[in-house]
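Asks: 3D, please:
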Amino acid sequence: MNQKKYSISFSTLLLVAILSAAICFGIVYLLTNIFERQQEARSTVLKVVDIDDNTSDPAVWGRNFPLQYDDYLKTADMIQTTYGGSEAIPRTPTDEDPRDLVSRSKLETIPQLKRLWAGYAFSKDYREKRGHAYMLTDQIYTERQ
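Replies: Below you'll find the predicted structure:
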């Protein structure tokens, strides 16, 4: 009887061992990560102050979420940056629009936009973007209404 002998080289065995170890390490890492995320989901947030659905004051929310509130306060800065931003332009407040600072009008910067957007609301009032802190004020007092 002739039996074929298969010889496996040392380098092949080493490669299989390393590959098996890497797969085992990956599975253990994945399971550990999943377990940690499940534990995070079970933990509750430390509440400094109770907030309900009717709380709209950002300062109250800021007591529970100080990092996010700090970022929110930074959106009130009106400075021109390399990546956008808006410069504060002083204006005289009126009864219809009590704002004393606004951002630059894009319609004054690029006059062709008035003709391009004729008939659309943007042809009346289109300004540089301001931070989230000004969002509601800018929507209430726009000339586009």
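
Asks: count of residues packed around residue 111?
Replies: 10 (other CB atoms under 10 Å). For glycine as for every other residue, the C-beta is placed from the backbone atoms N, C-alpha and C.

Asks: what's the distance between it and residue 126?
Replies: As judged by CB to CB, to the nearest Å, residue 111 and residue 126 stand 12 Å apart.

Asks: what does residue 103 give?
Replies: Residue 103 is 10 Å from residue 126, by CB to CB.

Asks: for the protein, what are the low-confidence residue spans?
Replies: 1-2, 44-45 (pLDDT under 70).

Asks: quick one on the thing from earlier: report the set of residues contacting both of residue 111 and residue 126.
Replies: Shared contacts of residue 111 and residue 126 (CB atoms under 8 Å, 6 or more residues apart in numbering): none.

Asks: Now do the helix or strand encompassing residue 14: which elements does it pack against?
Replies: Following DSSP states H and E, one finds residue 14 within helix 10-42. Packing partners of helix 10-42 (3 or more CB pairs under 8 Å, 6 or more residues apart in numbering; DSSP states H and E): none among the helices and strands.

Asks: Pull out the buried positions in the next helix or strand after it.
Replies: Downstream of helix 10-42, the next assigned helix or strand under DSSP H and E is helix 58-64. For helix 58-64, the buried set under the neighbour-count rule, 16 or more other CB atoms under 10 Å, comprises 61, 62.

Asks: What of stretch 95-105?
Replies: Neighbour count says stretch 95-105 has 102, 103 buried, by 16+ other CB under 10 Å.

Asks: Need the contact partners of that stretch.
Replies: 78, 86-93, 125-130, 137, 141.

Asks: Next step: those restricted to helices.
Replies: residue 137 (DSSP state H).

Asks: Can you say which of the contacts of stretch 95-105 are buried?
Replies: For those, buried by 16+ other CB under 10 Å: 78, 86, 125, 126, 127, 128, 130, 141.

Asks: quick one: contacts for the first one?
Replies: It stands for residue 78. Applying CB under 8 Å, 6+ apart, the residues contacting residue 78 are 85, 86, 87, 88, 101, 103, 130, 131.
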